[in-house]
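Trainee: Structure for this input, please:
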Amino acid sequence: MTQEDLGSRLDPKVTRACVANMEAGKQRILAHTIPQLAKALHVQPSALLPNQTEKQLEPTDRLEVELLKKLGLSQRKMKKLSAKLRAVRESTV
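Mentor: Got it, this is the predicted structure:
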């Protein structure tokens with residue numbers, strides 16, 4: 001399904017760019033849109049919500065997760081940086 005197809009299944013209909021912005025986290029998703037998205041994608045609405053384990057992370061872990069997302073590093077570089085951050089954090093405890 002294309003972004004345009006998905007946008008046309010929502011009420012009110014939204015543009016392809018709007019769907020792209022939702023996917024990228026650049027646009028908020030209204031509460032009434034979540035069930036519509038879930039129906040169009042054939043998933044449970046809960047599958048579209050943030051992972052609960054991420055919310056349960058310690059503040060320093062959440063910071064690390066956000067940092068890694070924002071830096072846009074490759075998987076390999078993310079693992080290296082994450083290991084270094086953990087090592088620094090453990091050495092200061």
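
Trainee: gap between Asn87 and Thr15?
Mentor: Careful, residue 87 is Ala and not Asn. Distance check for Ala87 against Thr15: by C-beta to C-beta, to the nearest Å, it reads 46 Å. (Glycine included, C-beta is placed from N, CA and C.)

Trainee: ignore the last one, Gly25
Mentor: 17 Å.

Trainee: out of those two, which sits in the busier spot?
Mentor: Remark: of Gly25 and Thr15, Thr15 carries more neighbours, 12 against 9, as counted by other C-beta atoms under 10 Å.

Trainee: Okay, buried residues for stretch 77-89 please.
Mentor: Met78, Ser82, Leu85 (16 or more other C-beta atoms under 10 Å).

Trainee: From the residues you listed, which land in helices?
Mentor: Using DSSP state H, the members of these that fall in helices are Met78, Ser82, Leu85.

Trainee: Among the residues you listed, which one sits closest to Leu67?
Mentor: Leu85 (8.0 Å; C-beta to C-beta).
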